[in-house]
Every structure is written in structure tokens, then in C-alpha cells.
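> pasted the sequence and its predicted model underneath.
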Amino acid sequence: MSRPIGTVLAALTLLAVGGGTGTTAAGATTSTCPSVDGQWAAPGPFAVSSASNGRGTTVFRPTWGPRAAPRTRSSCGTTEPAPVSTGTPPLLNHLASHGFIVAAAEGNAGTGGPMLQGLDYLTTENGRAGSAYQGKVDLANVGATGHSFGGGAAVDAGADPRVDTIAPIYPLAFSSGSRVRGPAVFYAGQNDTIVSPSTVRRTYGQATQVPAIYAEQRGADHYGIPGLHGPITAWFRFHLMRDEQARSLYFGPDCGYCSSSYWSAFERNPRAKAVPGL
């Protein structure tokens, strides 16, 4: 199997230990999983398992027992956003430990097709009788992330109407940010000589139609992904799990990351600035 490099996220429904199911006005399941109290970079409460489907997708997921009861140290709630991914395994395991199911494309294509095939797979399995995923996938909440070519694939996948938010990492994008349909955060590395900050900034600058953020990781080269585990987890917990504790890191007049020394540059376009804080 090729080393995964890019990632797509899709939110999944999971029966909670002692939890119920919440729904939005549109009927989509939303998470009642409690916040991790800002410990975004620490391992989450779920044990993780992974397996290839033999058709180009490896799924990393929280481990659940019979009838979808999660084996977890907390009373986490009813949805698990699922990264459909081609990202590096440590990041994918980290996301799964926080309640996301990750469908990882087994390859390094710079387009969103292989990532979206993972989403197609989860969609089919969600409706297939006897599937381990039957009835567990919340297809109303979908995100995408990925590294390098995979980051470019996430940008491309962001044009699909099923994808609600993206978080590309040092993306080499061949698709314009103007095609993205939902909120986006573009991560760059200050010292990245493979995909320069100016390249990432250009893609960010194209995404004027959505709330978009440019976050340049101080001192990072092209392989600073471990340092982004926390910020990426917070982004998706807010957008896919409705975890309000994560909102104030990125949004509001006093957002936590706006003045943080962790970033050598942190910019928000007018639409992102208009998103309210807590």
C-alpha cells in the first residue's frame, strides 16, 4: 500500500455510552461528544482500529463494540466525523482517537477523486445491511484535509457539494481556492521550501467566497505535521462536531490564534472575520 498523503473527512453517527442523538433542523445528526477541554493535541478518548477495504481506501476509526457502542473512557456522543483521507498515519490515528472516522486514499494523487471515492465507500456502507458502518455515517457533515499533494486534493475535493469544510496542510493545489464551497483553513510552513508559504497564500487568496484563514506555522518545514495535530483537530471538532470550545481559537475579535506566537502569520479574510466568536 502506498503511504497516504491526503485526507477527506466525513462525519459519522455513533451510538454513545449513555448518550442520545441530537439533530439539526435539517435532520442531520450532530455530536453530543463532550469537549476535550482544549486538549486538542493530546490523544482523544477512543481506541483506534484501521483496515484497508482492498479497493484503494484505508479506514481509520474509533473502535466500537456490538451495536456501535464505542470503547471509550468517556461518555462521548453520537457522531463521529470521519476523515476520508490521504494523510500521514499519525494524524489519521489522532483524528480517529477524537471520534472521527477517516477514509484514507491509498496514494498520492493531487486531485480529489481518490478521496471522494472513500466518501462514496462510506456512503454505500452506511446504507448496506450488515455493514459495520450501517446507520453510523452522518453524511451532512463532511470535511477534507491532506498534506502536500494531498492538501491540493483536499482543495479540489472542497468543490464537491458534499464537502462542508477543508483544512489542507502545506497544499500544492492544482485546483483554485475559488471553487471551495465551505469554510477553509490553509496551513503553511514558514520554512517550507517544497511548497512555499507564498504558494499556499495564493490559494487562500482565491477563496474569497467562503470564510478562509491562512495559518503559517512558525519555524515549520514541509514536515511539521505533528505540530498541527491540535489545530486541525480543533478545526474539525468545531465544524463537524459543533464543539464550541474550539470556535474561539479561529473566530471572533479576540480569537486565540490571532495573536498566538505559534504562527508566523495568521490572516482571516472578511468572511472569516465576520464569523462570531463565543
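Here it is on my side, so go on. Keep in mind that this is a model prediction, so the values were computed, not measured.
> flag the helix or strand of the chain with the lowest per-element mean pLDDT.
Sorting the helices and strands of the chain by mean pLDDT, DSSP states H and E puts strand 22-23 at the bottom, at a mean of 27.
> tell me which residues of the longest helix belonging to the chain are tucked away?
The longest helix of the chain (DSSP state H) is helix 113-127. Using 16 or more other C-beta atoms under 10 Å as the test for burial, helix 113-127 gives 114-119, 121-123, 125-126. All C-beta spots, glycine's among them, are computed from the backbone N, C-alpha and C.
> mind giving me the packing neighbours of it?
strand 6-13, strand 57-62, strand 79-85, strand 101-105, strand 137-147, helix 149-157 (3 or more C-beta pairs under 8 Å, 6 or more residues apart in numbering; DSSP states H and E).
> now with 6 Å, please.
Using 3 or more C-beta pairs under 6 Å, 6 or more residues apart in numbering; DSSP states H and E, the elements in contact with helix 113-127 are strand 6-13, strand 79-85, strand 101-105, helix 149-157.
> and the angle from it to strand 137-147?
Per axes from the mean of the first three to the mean of the last three C-alpha atoms, to 10 degrees, the angle that helix 113-127 makes with strand 137-147 is 160 degrees.
> show the backbone phi and psi for the closest residue to residue 159 other than its chain neighbours.
Nearest non-adjacent residue to residue 159, counting by C-beta to C-beta, 6 or more residues apart in numbering: residue 179, 3.9 Å away. With angles defined as degrees, to the nearest 10, residue 179 sits at phi -90, psi -10.
> measure how buried residue 179 is and give me the count.
14 (other C-beta atoms under 10 Å).
> over to residue 276?
For residue 276, using other C-beta under 10 Å, the count is 8.
> so where's this protein uncertain?
1-34, 64-88 (pLDDT under 70).
> give me that answer again for 50
Across the chain, residues meeting the criterion (pLDDT under 50) sit at 1-32, 65-87.
> what ranges does it have for its strands?
6-13, 22-23, 29-30, 48-52, 57-62, 79-85, 101-105, 137-147, 165-169, 184-189, 212-217, 263-268 (DSSP state E).
> quick one, what contacts residue 191?
Contact analysis of residue 191 by C-beta atoms under 6 Å, 6 or more residues apart in numbering lists residue 221.
> try it again at 8 Å.
219-221 (C-beta atoms under 8 Å, 6 or more residues apart in numbering).
> want to try CSV for those, with distance to residue 99 and neighbour count as columns?
As requested, the contacts of residue 191 are exported to CSV (distance: C-beta to C-beta, whole Å; neighbours: other C-beta atoms under 10 Å):
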residue, distance to residue 99, neighbour count
219, 30, 11
220, 26, 23
221, 30, 13
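> so residue 91 versus residue 139, what's the distance?
23 Å (C-beta to C-beta, to the nearest Å).
> higher neighbour count, the two?
Set side by side, residue 91 and residue 139 show more neighbours around residue 91, with 26 against 18, by other C-beta under 10 Å.
> ok, the more buried one touching residue 225?
Yes. With contact defined as C-beta atoms under 8 Å, residue 91 counts as touching residue 225 (5.8 Å).
> and for those two, which residues touch both?
residue 147.
> show the contacting residues for residue 160.
The neighbours of residue 160, taking C-beta under 8 Å, 6+ apart as the test, are 112, 116, 181.
> gap between the first one and residue 173?
Counting by C-beta to C-beta, the gap from residue 112 to residue 173 is 11 Å.
> common neighbours of these two, please.
Common neighbours of residue 112 and residue 173 (C-beta under 8 Å, 6+ apart) are 155-156.
> more neighbours: which of the two?
Between residue 112 and residue 173, residue 112 has the larger neighbour count (other C-beta under 10 Å), namely 28 against 25.
> so that one sits right up against residue 150, yeah?
No. Residue 112 lies out of contact with residue 150 (C-beta under 8 Å); the separation is 9.9 Å.
> CA atoms only: put stretch 158-173 into PDB for me.
The C-alpha trace of stretch 158-173 is given here as PDB (Å, rounded to 0.1, in the frame of the first residue of the first chain):
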ATOM      1  CA  GLY A 158     -13.700  21.100  -1.500                       C
ATOM      2  CA  ALA A 159     -15.600  21.900  -4.700                       C
ATOM      3  CA  ASP A 160     -17.800  18.800  -4.200                       C
ATOM      4  CA  PRO A 161     -21.200  19.800  -2.700                       C
ATOM      5  CA  ARG A 162     -20.900  17.000  -0.100                       C
ATOM      6  CA  VAL A 163     -17.800  18.500   1.400                       C
ATOM      7  CA  ASP A 164     -18.500  21.200   4.100                       C
ATOM      8  CA  THR A 165     -15.100  22.300   5.200                       C
ATOM      9  CA  ILE A 166     -11.400  21.800   4.300                       C
ATOM     10  CA  ALA A 167      -8.100  22.100   6.200                       C
ATOM     11  CA  PRO A 168      -5.300  21.500   3.600                       C
ATOM     12  CA  ILE A 169      -1.700  21.200   5.000                       C
ATOM     13  CA  TYR A 170       1.100  22.800   3.000                       C
ATOM     14  CA  PRO A 171      -1.100  22.200  -0.100                       C
ATOM     15  CA  LEU A 172       0.300  22.000  -3.600                       C
ATOM     16  CA  ALA A 173      -3.000  22.900  -5.200                       C
END
